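Visitor: task: produce atomic coordinates for the following.
(2 chains)
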Protein chains: 2
Amino acid sequence: MSLPKPPIAKLEKAFGYQFNNVERRQRALTHRSAAAKHNERLEFLGDAVLGLVIAEALFERFPTADEGNLSRMRAMIVCGRSLAKLAQKFELGRFIELGPGERKSGGQRRESILADTVEALLGAVYLESDLETCKNLVLQWFAPELDKLQPGKVHKDPKTRLQEFLQGRQLALPEYQVVETTGQAHNQQFVVSCLVELLGDPVIGRGTSRRKAEQQAAELVLAAIEEQPKK
Amino acid sequence: MSLPKPPIAKLEKAFGYQFNNVERRQRALTHRSAAAKHNERLEFLGDAVLGLVIAEALFERFPTADEGNLSRMRAMIVCGRSLAKLAQKFELGRFIELGPGERKSGGQRRESILADTVEALLGAVYLESDLETCKNLVLQWFAPELDKLQPGKVHKDPKTRLQEFLQGRQLALPEYQVVETTGQAHNQQFVVSCLVELLGDPVIGRGTSRRKAEQQAAELVLAAIEEQPKK
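Guide: So this is what the prediction gives:
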């Protein structure tokens, strides 16, 4: 059984904005599995708002970072994982309307659903307010992440970092291999193995694209290398 | 020999905006091959502005289009080709600062350079004005394209359209094959062949990713099918 919903005011407080249009707020909280009036259009809009707000914030904060760095930093900040973390902080899962199947399979905890709902809520804020309001909201959400950013080395993607780490030690490059793909066109899952000399066994990564699976595998290899006792 | 530059006022008239910050306008017109103070950061910002403006315009114009449709329509409007077309209308090529090598190899006519410069100029407009000003400008640029849009069938990507066309006639699905890849990491070129029963020979597509090369091949196959004499 699911717990009763806490009052919506609690969500709005954590989220940082009180909606005027209650109907639209509800729509932003409705997953496509729950109703025909779901949040995907709002998510489309919110994603674009988020993209601009973060682009501008990075542009201002890092006046000497080049475009590649800005792009990488933005990808880090607005990725599914970081949006889902935010959603968890808002305890958003308990407010999302899901169909019975999604609810049973734990959809309210799924990263993609949480992240999409944050974007949909932002889209709803934008429609009833303006870019300035969205800016204040988003910058407040991401203040700790933005403060931690350092353009340059840290924000390369895991595959690049792994490659540079290995090259720095004159070790062979990692070998990636797709070991399994499941699902159809828009719902594929890739399983990729990554083998490096330093670790005995290949490490497995998963993702909705080959690239994402490889990135995850590289990330896990980097984590495993860090955990190894230093020689 | 290149022609002397026409006065910048001519560009601003075609573009639809008169810049206050002349230095930033110049920076937006400067390709990375020409100077260290080039336009890539402005392009990063302008791309995000453009994304939001078009997302919002489509959201408003097509209140019943689903997210997939909105995304496809946006991809059509803001693609390199359509931005480059716009740049040609502005005669932008004659105002872009390029390094001598790029100039010699015709960089001022290259689609990607033209498209990026349009985005950089929009980024520069945004920095000295606001989203509203950018909105008016962009919607004026794309008015004909926006008016032509019809959500739904027309805006599917070429691979989807080709597949549906073949399925509708109970023909086998197209076979795509990568026949060549050249270049390194950030500058790869893919050559893909696409074979369908209706055409005797495979059709070749090129692009900076496998997906793009396949899309181009599919587009060319569709064009070739249309040109065939009706049986």
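Visitor: distance of the residue nearest to the spatial centre of chain A from A:Lys212?
Guide: Closest to where the C-alpha atoms of chain A average out (Cα atoms, centre = their mean) is A:Gly80, at 1.5 Å. For A:Gly80, the distance to A:Lys212 equals 10 Å [Cβ to Cβ, to the nearest Å]. Just so you know, the C-beta spots here come from the backbone N, C-alpha and C atoms, and that holds for glycine as well.
Visitor: thinking again about what came up before, let me see the contact set for the residue nearest to the centre of chain A.
Guide: A:Glu111, A:Ser112, A:Ala115 (Cβ atoms under 8 Å, 6 or more residues apart in numbering or on different chains).
Visitor: same check, this time on A:Ser71
Guide: When contacts are counted by Cβ under 8 Å, 6+ apart, A:Ser71 touches B:Phe44.
Visitor: just to revisit the earlier point, whichever of the contacts of A:Gly80 end up buried, select them in ChimeraX.
Guide: In ChimeraX syntax, the buried subset of those is picked out as below (16 or more other Cβ atoms under 10 Å in any protein chain shown):
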select /A:115
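Visitor: ok, back up a step: quick check: closest non-adjacent residue to the residue nearest to the centre of chain A.
Guide: A:Ala115 (4.4 Å; Cβ to Cβ, 6 or more residues apart in numbering or on different chains).
Visitor: and that neighbour, what element?
Guide: A:Ala115 belongs to helix A:111-128 when assigned by DSSP states H and E.
Visitor: which strands or helices does that helix pack on?
Guide: Helices and strands touching helix A:111-128, by 3 or more Cβ pairs under 8 Å, 6 or more residues apart in numbering or on different chains; DSSP states H and E, are helix A:22-28, helix A:40-61, helix A:80-89, helix A:131-141.
Visitor: least reliable of those helices going by mean pLDDT?
Guide: When the helices and strands packed on helix A:111-128 are compared on mean pLDDT, helix A:80-89 scores lowest, with a mean of 93.
Visitor: and the next helix or strand past it?
Guide: Using DSSP H and E, the helix or strand that follows helix A:80-89 in sequence is helix A:100-104.
Visitor: what residues sit buried inside that following helix?
Guide: Residues A:Glu102, A:Arg103 are the ones in helix A:100-104 that count as buried (16+ other Cβ under 10 Å).
Visitor: which residues touch it?
Guide: Helix A:100-104 is contacted from outside by A:Ser2, A:His31, A:Ser33, A:Ala34, A:Gln108, A:Ile113, using Cβ under 8 Å, 6+ apart.
Visitor: same thing with stretch A:151-170?
Guide: So stretch A:151-170 is in contact with A:62, A:64-65, A:69-70, A:72-73, A:75-76, A:149, A:172-174, A:194, A:196, A:214-216, A:218-219, A:221-222, A:225, going by Cβ under 8 Å, 6+ apart.
Visitor: among those, which are in strands?
Guide: In strands, judged by DSSP state E, the following of the contacts of stretch A:151-170 are found: A:Cys194.
Visitor: walk me through the domains of chain A.
Guide: Described in terms of automatic domain parsing, the domain architecture of chain A consists of the residue ranges A:8-151, A:158-227.
Visitor: now do the same end-to-end measure for the shortest one.
Guide: Distances were taken as Cα to Cα, to the nearest Å; on that basis the terminal residues of domain A:158-227 are 16 Å apart.
Visitor: what about that domain, average pLDDT?
Guide: 85.
Visitor: restrict stretch A:133-151 to CA atoms and write it as CSV.
Guide: This file holds the C-alpha atoms of stretch A:133-151, laid out as CSV (Å, rounded to 0.1, in the frame of the first residue of the first chain):
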residue,chain,number,x,y,z
THR,A,133,11.3,33.5,-12.0
CYS,A,134,12.5,30.2,-13.6
LYS,A,135,16.1,31.5,-13.4
ASN,A,136,15.8,32.2,-9.7
LEU,A,137,14.2,28.9,-9.0
VAL,A,138,16.6,26.8,-11.0
LEU,A,139,19.7,28.6,-9.7
GLN,A,140,18.5,27.9,-6.2
TRP,A,141,18.0,24.2,-6.9
PHE,A,142,21.4,23.8,-8.5
ALA,A,143,23.4,26.2,-6.3
PRO,A,144,25.5,23.5,-4.7
GLU,A,145,26.3,21.8,-8.0
LEU,A,146,27.1,25.1,-9.7
ASP,A,147,29.4,26.0,-6.8
LYS,A,148,31.3,22.8,-7.2
LEU,A,149,31.9,23.1,-10.9
GLN,A,150,35.4,23.7,-12.2
PRO,A,151,35.6,24.0,-15.9
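Visitor: what residues sit buried inside it?
Guide: By neighbour count on 16+ other Cβ under 10 Å, the buried set for stretch A:133-151 is A:Cys134, A:Lys135, A:Leu137, A:Val138, A:Trp141, A:Phe142, A:Glu145, A:Leu146, A:Leu149, A:Pro151.
Visitor: A:Ala9 and chain B, how far apart?
Guide: Distance of A:Ala9 to chain B, given as Cβ to the nearest Cβ, to the nearest Å: 28 Å.
Visitor: give the contact list for that residue.
Guide: With contacts defined as Cβ under 8 Å, 6+ apart, A:Ala9 is in contact with A:Gln18.
Visitor: now do A:Pro174
Guide: By Cβ under 8 Å, 6+ apart, the neighbours of A:Pro174 are A:Lys159, A:Leu162, A:Gln163, A:Leu166, A:Cys194, A:Leu195, A:Val196, A:Ala218, A:Val221.
Visitor: and for the last one, the neighbour number?
Guide: Residue crowding around A:Val221 was assessed by other Cβ atoms under 10 Å in any protein chain shown; the count is 25.
Visitor: got a list of what the closest residue to it other than its chain neighbours touches?
Guide: With sequence-adjacent residues excluded and distances taken as Cβ to Cβ, 6+ apart, A:Val221 is closest to A:Val203, at 4.9 Å. By Cβ under 8 Å, 6+ apart, the residues touching A:Val203 are A:Ser193, A:Cys194, A:Leu195, A:Ala217, A:Leu220, A:Val221, A:Ala224.
Visitor: on that earlier part again, please identify which of the buried residues of stretch A:133-151 is nearest to B:Glu56.
Guide: Within those, proximity to B:Glu56 (Cβ to Cβ) peaks at A:Cys134, which comes in at 11.9 Å.
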